[in-house]
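K.L.:
Take this sequence and fold it.
(one chain, ligands or ions: 2)
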Amino acid sequence: TKFVEIKNISKIYHTLDDETKALDNISFDIGKGEIVTIVGPSGCGKSTILSIIAGLVKPSSGDVFINGEKIVDTNKAIGYMFQSDHLFQWRTIIENVLIGLEIQNKVNKESIKRVNRLVETYGLGEFKNHYPNQLSGGMRQRVALIRTLAIEPELLLLDEPFSALDYQSRLAVSDDISDILKREKKTAIMVTHDIADVIYIKVLLKK
Ligand code: ADP
Ligand code: ADP
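P.N.:
Ligands and ions are numbered 1, 2, ... in the order given. The predicted structure is shown next:
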């Protein structure tokens, strides 16, 4: 069954004196619960396709359907994890994790309880009231990952989740991602320029 349907997507970026064809007639499907990785060199359009699926960028042509609905009129929660953690420095870890729910106006006793559980399950309990600059890069990426889960997304989009990290943290964040994907049973798309990331995650997922 098709959960995400990408149909004939093209994207041309226009600048003042130039245009770039970032995507040329891309089509593919993803089933519910599938974990898909997209690998390719820098500049090949990976971020662009994720941004289009997330509804952050409008395609020049083509459509994206999630559960049969065009993304323009879907209200499905999509969790987007960026290359760098994009945490708000002046907010504590728990306040950062809650931000998606704030935007959706869904902060209440129950959701706060659920988010606290999530934060504890993934080993961030003791850092709840810390600020991002008190955590390592790998831990900050873990916070970013948990933040995307807080909105209970049906689809997780991971954009080069390791590229800003040193080797040690890359392994740790790979562990986090595979752990979360296994436990939460989410449909996920991960993009990376490094095939080694894909192989490592795949091994972890099979463990
Ligand atoms: P990747 O994520 O694979 O590195 P991107 O999707 O970021 O690739 O970029 C694909 C191509 O589109 C690149 O040539 C990039 O320079 C160009 N591009 C991306 N975003 C923009 C933008 N906002 N304006 C103009 N060109 C862009
Ligand atoms: P990635 O590492 O995923 O390829 P980039 O570093 O290419 O990401 O892009 C970072 C940001 O800059 C993105 O928001 C992208 O849309 C934008 N961008 C990329 N290339 C261009 C460009 N040629 N002109 C304007 N914006 C761009």
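K.L.:
quick one: low-confidence parts of the chain?
P.N.:
Flagging of the chain using pLDDT under 70 yields the residue ranges 72-76.
K.L.:
Would you tell me which helix is longest in this structure?
P.N.:
Under DSSP state H, the helix in the chain containing the largest number of residues is helix 167-184.
K.L.:
Which strands and helices lie in contact with the next helix or strand along the chain from it?
P.N.:
The first helix or strand that comes after helix 167-184 along the chain, using DSSP states H and E, is strand 187-192. With contacts taken as 3 or more Cβ pairs under 8 Å, 6 or more residues apart in numbering; DSSP states H and E, strand 187-192 sits against strand 2-15, strand 18-31, strand 35-39, helix 46-54, strand 155-159, helix 195-206. Every C-beta, even on glycine, is put in place using the N, C-alpha and C of the backbone.
K.L.:
so strand 187-192 versus helix 195-206, what angle?
P.N.:
Calculated by axes from the mean of the first three to the mean of the last three Cα atoms, to 10 degrees, strand 187-192 forms an angle of 150 degrees with helix 195-206.
K.L.:
How far away from the center of its chain is strand 187-192?
P.N.:
Mean-position distance between strand 187-192 and its chain equals 7 Å (Cα atoms, centre = their mean, to the nearest Å).
K.L.:
Now do the strand or helix carrying Glu95: which elements does it pack against?
P.N.:
Applying DSSP H and E as the criterion places Glu95 in helix 93-97. With contacts taken as 3+ Cβ pairs under 8 Å, 6+ apart, helix 93-97 sits against helix 109-121, helix 137-150.
K.L.:
So which bits of the first one are buried?
P.N.:
If I follow you right, that is helix 109-121. Going by neighbour count (16 or more other Cβ atoms under 10 Å), the buried part of helix 109-121 is Ser111, Val115, Asn116, Leu118, Val119.
K.L.:
so the third one makes contact with Ile94?
P.N.:
So that's Asn116. Yes. Using Cβ atoms under 8 Å, Asn116 is in contact with Ile94, at 7.3 Å.
K.L.:
overlap in contacts of the two?
P.N.:
Residues touching both Asn116 and Ile94 by Cβ atoms under 8 Å, 6 or more residues apart in numbering: Lys128.
K.L.:
related to what we said a few turns ago, just say which of the helices and strands packed on strand 187-192 is most tucked in.
P.N.:
Among the helices and strands packed on strand 187-192, strand 155-159 has the highest mean neighbour count (mean count of other Cβ atoms under 10 Å), at a mean of 23.
K.L.:
now what about it, what contacts it?
P.N.:
Residues outside strand 155-159 that contact it (Cβ under 8 Å, 6+ apart): 3-4, 46-47, 50, 53-54, 66, 76-83, 148-149, 177, 181, 186-191.
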